[in-house]
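Peer 1: Output the structure for:
(one chain, ligands or ions: 1)
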Amino acid sequence: MATDPKRPKLGEVCGSDAPLANFLSWCERVGLTLSPKVYVSRRDTVAEYGMLAKEDIGEGEVLFTIPRDVLLSQDTSKVKSVLEQGKTSLENASGWVSLLLALMYEYTRPHSHWRPYLSLWPDFKALDHPMFWSREERESLLKGTGIPEAVETDLANLQTEYRDVVLPFMRLHPDLWDPEQHTLDLYKSLVAFIMAYSFQEPLDDDDDDDDDEEDKVPNPPMMVPMADMLNHVSNHNANLEYMPDSLRMVAVRDVRAGEEVFNTYGQMANWQLLHMYGFVEPHQTNSNDTADVQTSSIYKAAEQRERQGLLVEKWKLLCEMDMVGEKGTFIFGKTGCLTDTELYTTLKILCMQPELFVEFKENEGWEEAEDENEEEKITRSLSIEGLPALDCRWKQILHVSVGFTLDSYGEDIQTDRKLLGDETALANLSSRARRALHVRHGQKCILQKIWHLTQPTGATTQSLSDQS
Ligand SMILES: C[S@@+](CC[C@H](N)C(=O)[O-])C[C@H]1O[C@@H](n2cnc3c(N)ncnc32)[C@H](O)[C@@H]1O
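Peer 2: I've put the predicted structure just below:
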């Protein structure tokens, strides 16, 4: 391939980083093209490797292009045909097993086609997702955040998957895999690595049909060299586009020379960032931060209003309508409720007069004509601006359930806030404790706001910092 005279020389961009220089040469050989306006570096980035702008970049400019055959997936790995033959036995809930087997194979094969890329992967010992913390650490630092429960599920699933699906498959192919080398520990590290470094191509929009949206099987994850060098912030400036023959990273706004190029890993709340990627953004800057209220807390709060009444029947109907569930949650973001239709329907039914509820059940739904602006009305009424004007019975249920949620954390918001304001105390915290603090505090800020806005009218207005 001819050398582009505008391209920065390898030594210029990588200093003494031989693995990076090797990876960039490989990129040239396989046709992965990098704009001369960007470079990969470990300096001046938020975390290890990242991409920086060498010159000003305009919105819409392509930063790099990756041909599809450079992607590392179950469809491009050397073991592709074996995985395809065993497809039925490899089907599993997560849909990750085939990629995991492909990665275990390529990662431990000295002459893998992707070796220069694989050599750039971080040391797996450095991965610090909560799945590598002790259970006690998770319970004490992350109580109430939803992470301990999510991690327990992950760990149980990956162990079952390895024992029941992966091990039997490897034993059928001793020429390709060896359980002594491809251990449960390696499998677990690769699960965490896929969580943090893989990409999942969105499903085609063309056959968008709301009815079977839930039946659609998502695309399996894949590894995308170069794209996975980019760090994430919610206020990102680049985005990966999926083209028929290639993938390309495109600037979504102007980037000044010297600035880091940030991809987006999706609209990620801090609990999701910590769970899947092992890091957090400060709550103030993470516009996607959220907090959950368990549907069971709404039930408990409704019980205070309607001990003997129709509550059980109403809840059963809400379950049948898929508005609530045993482990369901209502999600609140910085602008209000994000699961607004579900919460609106729940509150409406819970607060319905008995005669109306009977009528509602008989009619199998609302009698009133479908309002075209209904969705907008619902979103507005459960937004931060709309909450104070909500029906006082709805507000009471929300207020009490949010109070239960705030009580479910290990410590109150003032304790967290004090710690965050004390630089010395903060510096003395372990990195895990610090990241956990950011997750908890962000969630509590959102919940406390909802708690405040749903206070019964006429209640003495306490200042936000007085509330627990
Ligand atoms: C797709 S990789 C990005 C490349 C990574 N920096 C590297 O050198 O391998 C994702 C990982 O980068 C780190 N990361 C990404 N964005 C970050 C951020 N804003 N703050 C801290 N760490 C970040 C996290 O460790 C995350 O698991």
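
Peer 1: of all the residues in the stretch 51-200 of the chain, which ones are close to the ligand?
Peer 2: Contacts of the stretch 51-200 of the chain with the ligand, taken as C-beta under 6 Å from any ligand atom, map to Pro122, Ala196, Tyr197. For the C-beta atoms, the positions are set from N, CA and C on the backbone; glycine is no exception.

Peer 1: three-state assignment of the second one?
Peer 2: In the three-state summary, Ala196 is assigned as helix, counting by DSSP: H, G, I helix; E, B strand; the rest coil.

Peer 1: doesn't Gly278 make contact with it?
Peer 2: Yes: applying C-beta atoms under 8 Å as the test, Ala196 and Gly278 come out as touching, 6.4 Å apart.

Peer 1: Have a look at these two and say which one is more surrounded.
Peer 2: Remark: of Ala196 and Gly278, Gly278 carries more neighbours, 21 against 17, as counted by other C-beta atoms under 10 Å.

Peer 1: Spatially, what comes nearest to the more buried one if we skip its sequence neighbours?
Peer 2: His129 (4.4 Å; C-beta to C-beta, 6 or more residues apart in numbering).

Peer 1: OK, contacts around that neighbour?
Peer 2: Residues counted as contacts of His129 (C-beta atoms under 8 Å, 6 or more residues apart in numbering) are Ala192, Met195, Ala196, Leu274, His275, Met276, Tyr277, Gly278.

Peer 1: Would you check that the last one makes contact with Met131?
Peer 2: No: under the criterion of C-beta under 8 Å, Gly278 is not in contact with Met131, lying 9.2 Å apart.

Peer 1: which neighbours do these two share?
Peer 2: In contact with both Gly278 and Met131: Ala192, using C-beta under 8 Å, 6+ apart.

Peer 1: contact partners of stretch 425-444?
Peer 2: Contacts for stretch 425-444 (C-beta under 8 Å, 6+ apart): 128, 133, 137, 141-142, 144-145, 147, 269-271, 274, 278-283, 286, 289-292, 406, 409, 411, 413, 416-417, 419-420.

Peer 1: List buried residues within the residues you listed.
Peer 2: 133, 137, 141-142, 144-145, 147, 269-271, 274, 278-281, 283, 286, 289-292, 406, 409, 413, 416, 419-420 (16 or more other C-beta atoms under 10 Å).

Peer 1: just checking, which of these belong to strands?
Peer 2: Thr290, Ala291, Asp292 (DSSP state E).

Peer 1: For the residues you listed, could you give me CSV that also reports pLDDT?
Peer 2: CSV is the format used below for those (pLDDT from 0 to 100):
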residue, pLDDT
Thr290, 98
Ala291, 98
Asp292, 97
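
Peer 1: Can you tell me which of these is nearest the ligand?
Peer 2: Distance to the ligand across those (C-beta to the nearest ligand atom) is lowest for Thr290, with 17.5 Å.

Peer 1: For that closest one, list each beta-bridge partner.
Peer 2: Counting by DSSP bridges, Thr290 forms beta bridges with Gly333.

Peer 1: give the contact list for it.
Peer 2: For Thr290, the contacting residues are Ala269, Trp271, Ile331, Phe332, Gly333, Leu338, Gln443, Ile446, by C-beta under 8 Å, 6+ apart.

Peer 1: For the first one, which non-adjacent residue is closest in space?
Peer 2: With C-beta to C-beta, 6+ apart as the criterion, Ala269 has its nearest non-adjacent residue at 4.0 Å, and that residue is Thr290.

Peer 1: Now Glu241. Its backbone dihedrals?
Peer 2: Backbone geometry at Glu241, expressed as degrees, to the nearest 10, gives phi -110, psi 140.

Peer 1: Return the per-residue confidence for it.
Peer 2: You'll see Glu241 listed with a pLDDT of 98.

Peer 1: That one touches Ala251, doesn't it?
Peer 2: No: the pair Glu241 / Ala251 is not scored as a contact, 11.1 Å apart, by C-beta under 8 Å.

Peer 1: Please say which of those two ends up with more neighbours.
Peer 2: Relative neighbour count places Ala251 above the other of Glu241 and Ala251, with 22 against 13, counting by other C-beta under 10 Å.

Peer 1: Could you report the distance from that one to Phe262?
Peer 2: Going from Ala251 to Phe262 by C-beta to C-beta, to the nearest Å gives 10 Å.

Peer 1: Next: Tyr105.
Peer 2: Counting by C-beta to C-beta, the gap from Tyr105 to Phe262 is 32 Å.

Peer 1: Ok, Met131 next?
Peer 2: Taken as C-beta to C-beta, the span from Met131 to Phe262 is 25 Å.

Peer 1: How about Asn231?
Peer 2: 6 Å.

Peer 1: Which one's more surrounded, those two?
Peer 2: Applying other C-beta under 10 Å to Asn231 and Phe262 shows that Phe262 carries more neighbours, namely 22 against 19.

Peer 1: Could you look up the SS state of the more buried one?
Peer 2: strand.

Peer 1: which stretches of the protein have low pLDDT?
Peer 2: 1-15, 206-214, 307-308, 366-372, 458-468 (pLDDT under 70).

Peer 1: Please enumerate the helices of the stretch 51-200 of the chain.
Peer 2: 80-85, 87-90, 97-107, 115-118, 135-142, 147-161, 167-172, 184-197 (DSSP state H, counting those that start in this stretch).

Peer 1: Of all the ones you listed, which one is nearest Val312?
Peer 2: helix 147-161 (25.8 Å; C-beta to C-beta).

Peer 1: which of the residues in that closest one are buried?
Peer 2: Ile147, Pro148, Ala150, Val151, Asp154, Leu158, Glu161.

Peer 1: send the alpha carbons of that helix over as PDB?
Peer 2: Output of helix 147-161 as PDB, limited to C-alpha atoms (Å, rounded to 0.1, in the frame of the first residue of the first chain):
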ATOM      1  CA  ILE A 147     -25.200  -3.200  40.800                       C
ATOM      2  CA  PRO A 148     -24.700  -6.000  43.400                       C
ATOM      3  CA  GLU A 149     -27.800  -7.800  42.100                       C
ATOM      4  CA  ALA A 150     -26.800  -7.400  38.400                       C
ATOM      5  CA  VAL A 151     -23.300  -8.700  39.200                       C
ATOM      6  CA  GLU A 152     -24.600 -11.800  41.000                       C
ATOM      7  CA  THR A 153     -26.700 -12.600  38.000                       C
ATOM      8  CA  ASP A 154     -23.800 -12.100  35.600                       C
ATOM      9  CA  LEU A 155     -21.500 -14.400  37.700                       C
ATOM     10  CA  ALA A 156     -24.100 -17.100  38.100                       C
ATOM     11  CA  ASN A 157     -24.900 -17.000  34.300                       C
ATOM     12  CA  LEU A 158     -21.300 -17.100  33.200                       C
ATOM     13  CA  GLN A 159     -20.400 -20.000  35.400                       C
ATOM     14  CA  THR A 160     -23.400 -22.000  34.200                       C
ATOM     15  CA  GLU A 161     -22.700 -21.100  30.600                       C
END
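
Peer 1: tell me how far that helix is from the chain's mean position?
Peer 2: 16 Å (C-alpha atoms, centre = their mean, to the nearest Å).
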